[in-house]
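K.L.:
build me a structure from this.
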Amino acid sequence: MAKKEITTVFKIQAPGGQATPAPPIGPALGQNGVNPGQFISQFNERTKALAGKVVGCVITVYKDRSFEFEVKQPPAAVLLKDILKVEKGSGVPNKEKIGKITKAQLEVITKEKMKEMTGHTLESAMRTIAGTARSMGITIEG
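P.N.:
The predicted structure is shown next:
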């Protein structure tokens, strides 16, 4: 079997199990040659367990207008917001703190994201997630 020729590869972020062809997802798919209805139904089927959590998705479009997509883990910021049950990070993270997490909670998030991160060890990946937390105004205890 000959390899299909790739025309484009692009990324989107969408709520798991609840994506709709409305902007911004529909137009992004359409301009890259992907049938929005077909993509949305497959995406929602694969991500229904994530129930509204924002997830990343890498879509590969082929010359014959077929496509494949890979669903990524939710961004670290989304996971941190879920633990603290807040809407958004601090606008002034060095002055206004929005909450505290423990090292154990940090480790749980890191293990969830580990396969998509560039750090080779758990400790280096935890430092990366800790940096995201600091930039959101979250203090890490312990």
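K.L.:
average pLDDT for whichever strand or helix holds residue 45, rounded please.
P.N.:
Using DSSP states H and E, residue 45 sits within helix 36-47. When pLDDT is averaged along helix 36-47, the result is 88.
K.L.:
the longest helix in the protein is where?
P.N.:
Ranked by residue count and defined by DSSP state H, the top helix of the chain is helix 122-136.
K.L.:
what's it in contact with?
P.N.:
Residues outside helix 122-136 that contact it (C-beta atoms under 8 Å, 6 or more residues apart in numbering) are 76-77, 80-81, 89-90, 93, 98, 101, 103, 106-107, 109-111, 113-114, 117-119, 139-140. C-beta coordinates here come from the backbone N, C-alpha and C atoms, glycine included.
K.L.:
of these, buried ones?
P.N.:
Buried subset of those (neighbour count, 16 or more other C-beta atoms under 10 Å): 76-77, 80-81, 89-90, 93, 98, 101, 106, 109-110, 113, 117.
K.L.:
residue 6: which of those residues is nearest?
P.N.:
residue 117 (25.2 Å; C-beta to C-beta).
K.L.:
contacting residues for that closest one?
P.N.:
Contacts for residue 117 (C-beta under 8 Å, 6+ apart) come out as 110, 125, 128.
K.L.:
again, only using 10 Å
P.N.:
73, 76, 110, 124, 125, 126, 128, 129 (C-beta atoms under 10 Å, 6 or more residues apart in numbering).
K.L.:
ok, and the most crowded of these?
P.N.:
Tallying neighbours with other C-beta atoms under 10 Å puts residue 129 at the head of the contacts of residue 117, with 24 neighbours.
K.L.:
and stretch 64-84, average pLDDT?
P.N.:
Mean predicted confidence for stretch 64-84 is 87.
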